[in-house]
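> Got a predicted structure plus its sequence, pasted below:
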Amino acid sequence: MRETSFVNRNHKKWSNIEKEMHRDNTDPDKLKKLFVEVTDDLSYSRTFYPNRSVRVYLNALAQRLFQKVYRNERSSSFKKFVNFWVDGLPRIVWEERIIFLLSAGLFWGGFIIGIVSSIYEPDFAKIILGSEYVDMTLTNIKSGDPMAVYKQRSEFDMFFGITLNNIRVDLMTFIFGAFASIGSVWIMIQNGVLFGTFQWFFVEQGIFRESFLTIWLHGTLEMSTVIISGAAGIVLGRGLLFPGTYSRIQAFLLSAKKGLLILFGVIPITIMAGFIEGFVTRLTDLPDIVRLLIILVSLFFLIAYFIVLPIYKRIRGDFNIAKAEDDKVPAWSQEPINFKALNSVGELFTNSFVYYRRHIGGILGFSILAATIYGLGLYYLLPEVLLLELQFNQWVWVDPSTWFVHFQNVAQFFNYTEDGFWPLALLNIGVFSLVATAALTWLSNERKRYYGEPPVGFAYAFMRFPLVAIIMAAFHAPLFVFPHWLGIMYVLTFFMSVMLFIWLVFARTANPFTALYTATELSFKHIMKLSGLYMLLMLIIFLFSFISDSAFSYMFMQIITAFIGIPEAAIKVASIVLLAGSMMFTLCMSYPLMLAAVGLFEATTHQINTAEELRSRVENIQIRKRVYGMDRERSTAS
């Protein structure tokens, strides 16, 4: 192609690129794509027009575009955060408007059921709310302060306690949508019945006006969080029920990402509702007009943001553009995982499953080995008296109020404060270090495969195992002194940061002190991305662990003990050992997924902080002046 033809064909594109570079709000992802296009054109010009002015122009354009991409990459996090609230969440609400309507219908349907049931069954309020609460409220009504229940604790204690509880309910409503959306539907109906019964109870006592102005002061926002988190749960389960053209797991990944974004939009509303309930609802002597105004402002916000704004942006055509590429789940590939890509949370989640799928055989084998070691270790290291203190209390699928029992069943194996339970710590550290070393070896080899380096072998993993075990032991050490509940909070809070620390030491062969500093810095600097990834992964672990602690597991254990002829006196011990091994198997199966996500997260943040990939591209196209290149081109052009 002649130079003039090349310029005529591309000059309009280059002109548009220059215009994009002068805009202040250009999408960073779009700039990256433009940079790739410019470098492709530059490579072509270097091949066919090495001493012409068009190469000089494209060199300069690539330099300026690179600088803008690199600068925007560092400042794009806040823009993405703002764009989520201005465009991202309203877009999702519009796309899932049918599910939001369904969610609202389920809640208000339950609300009506609660009212009708209370009308026809006088004792229904005691059944739903509890006799103790009803009697206490009746006493408060007789004393002249029917809303005294909101004044029993200090403002901050009430705000903190209620907010944490409501966030827990939001999370449970979302997570249990993974069970084909049935769990979310049940929780929404249950909450609707509860609120309907609660409101009608005050109507029957003749204090509707006071109860309405008090309850709905915070209840307007609180009810909306139930509906929105319920919609998030239904979206989550839809991927399993209706995968469309995707595989079921790919559809689930898509729906999980979208559902998590909806859930993220609920959290600020939940916090605001808790603030109002803790600090404002107790002020029952506020003028009625002030309380009514707060209710109306809350209602106006919900209608404006979740109904009017999506419709307005749809009419304006803001939602007509194609979906972003990271909203699509790529097909499984045998190509090396790209450790230089700037991945979103959804892409990190997807690539973690790519890794998991490739190494599923090894993960399965090491998980079986770890579960066997754990079960035998419990049997031989823990005295029978202490072993029998471990309880696997059963929970019921159709009764969400019992689901928390599952967490208690798992958490008891991380309680080291009781005398004689030190073998639990030894076993936990040992099996998790074993699985972590294997998973990190596979992930490290994935990274080396991408960079074209020779893989590490068994000897390298064997030498690194003691270091992994030491870090794991240090992580578990506080559980010996922390109260059990505080220990669980500690593990959940710092788990991802510790895994990041282990990855840096294992794969990057960093100095432990440097690795600890880097892991801490990355955890705080990219806390939003890490938290989003953590929530998605915890959902998967949650589902994995439920398998080991369900009614099916108990039935399976009964069949085993019946067929192998275990004496009746030893059946309980055998059941505990088998259930503990089963629980550890599911945890070890999910553990490599967490490590893969952490390793890929570190690779992405490394690119964001260093722009290593972009800099290498610039060096490859020789942006620096060369004697034979730019200097001679200038003389030719003159």
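Yep, that arrived.
> just checking, residue 88 touches residue 264?
No: Residue 88 is beyond contact range of residue 264, at 9.6 Å (criterion: CB atoms under 8 Å). Yep, even glycine has a C-beta here, placed from its N, CA and C like the rest.
> What helices and strands are in contact with the helix or strand that contains residue 139?
With elements taken from DSSP states H and E, the one containing residue 139 is helix 131-142. Counting contacts by 3 or more CB pairs under 8 Å, 6 or more residues apart in numbering; DSSP states H and E, helix 131-142 packs against no other helix or strand.
> Can you list the buried residues in the helix or strand following that helix?
Downstream of helix 131-142, the first helix or strand assigned by DSSP H and E is helix 155-175. For helix 155-175, the neighbour count (16 or more other CB atoms under 10 Å) marks 158-159, 162-163, 166-167, 169-175 as buried.
> about what we covered before: neighbouring contacts of the helix holding residue 139?
Outside helix 131-142, the residues that touch it by CB atoms under 8 Å, 6 or more residues apart in numbering are 125, 126, 146, 147, 148, 149, 201, 205, 207.
> For the fourth one, give me phi and psi.
For residue 147, the backbone dihedrals are phi -100, psi 30 (criterion: degrees, to the nearest 10).
> That one contacts residue 213, doesn't it?
No: applying CB under 8 Å as the test, residue 147 and residue 213 come out as separate, 9.4 Å apart.
> give me the element the nearest residue to residue 167 once chain neighbours are set aside is part of.
Among residues not flanking residue 167 along the chain, residue 270 sits closest, at 5.5 Å (CB to CB, 6 or more residues apart in numbering). Per DSSP H and E: residue 270 is located in helix 248-279.
> and that helix, which residues are buried?
Under 16+ other CB under 10 Å, the buried positions of helix 248-279 are 250-267, 269-278.
> Sketch out the low-pLDDT regions of the stretch 451-600 of the chain for me.
509-510, 543-571 (pLDDT under 70).
> again, but for the chain
1, 22-32, 67-78, 319-335, 392-406, 509-510, 543-571, 610-638.
> Tell me where the longest helix sits in it.
Using DSSP state H, we find that the single longest helix of the chain is helix 568-610.
> Pull the distance from that helix to the chain's centre.
In this view, helix 568-610 has its centroid 16 Å away from the chain centroid, taken as CA atoms, centre = their mean, to the nearest Å.
> Just the CA coordinates for stretch 140-151, please, in CSV.
Extracted in CSV, the C-alpha atoms of stretch 140-151 (Å, rounded to 0.1, in the frame of the first residue of the first chain):
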residue,chain,number,x,y,z
ASN,A,140,-44.9,-0.6,77.0
ILE,A,141,-48.3,0.5,75.5
LYS,A,142,-49.9,0.4,78.9
SER,A,143,-47.1,2.5,80.4
GLY,A,144,-47.7,5.2,77.7
ASP,A,145,-44.5,4.6,75.6
PRO,A,146,-45.4,2.0,73.0
MET,A,147,-42.1,2.5,71.1
ALA,A,148,-39.8,2.1,74.2
VAL,A,149,-38.2,-0.9,72.5
TYR,A,150,-36.2,1.5,70.4
LYS,A,151,-34.8,3.2,73.5
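> Sort out which residues of that stretch are buried, please.
Buried, per 16+ other CB under 10 Å, within stretch 140-151: 141, 146, 147, 148, 150.
> Tell me which helix or strand comes right after the host helix or strand of residue 92.
Using DSSP H and E, residue 92 falls within helix 89-95. Proceeding N to C from helix 89-95, the next assigned helix or strand is helix 97-120, under DSSP H and E.
> List of residues touching that following helix?
Here helix 97-120 makes contact (CB under 8 Å, 6+ apart) with 93, 124-125, 128, 185, 188-201, 204, 223, 226-228, 230-231, 234-235, 238, 306, 310.
> quick one: residue 514 from residue 508, how far?
For residue 514, the distance to residue 508 equals 9 Å [CB to CB, to the nearest Å].
> quick one, which of the two is more surrounded?
residue 508 (16 against 12; other CB atoms under 10 Å).
> so the more buried one makes contact with residue 519?
No: judged on CB under 8 Å, residue 508 makes no contact with residue 519 at a distance of 10.5 Å.
> and the residue sitting nearest the centre point of the chain, what is it in contact with?
Nearest to the mean C-alpha position of the chain, by CA atoms, centre = their mean, lies residue 535 at 2.2 Å. Neighbouring residues of residue 535 by CB under 8 Å, 6+ apart: 260, 263.
> can you do 10 Å?
For residue 535, the contact set (CB atoms under 10 Å, 6 or more residues apart in numbering) comprises 171, 174, 175, 256, 260, 263, 264, 345.
> can you redo those residues as TSV with distance to residue 585?
Shown next, in TSV, are these (distance: CB to CB, whole Å):
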residue	distance to residue 585
171	25
174	26
175	21
256	23
260	27
263	29
264	32
345	28
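> any idea which element residue 38 lies in?
According to DSSP H and E, residue 38 maps onto helix 28-48.
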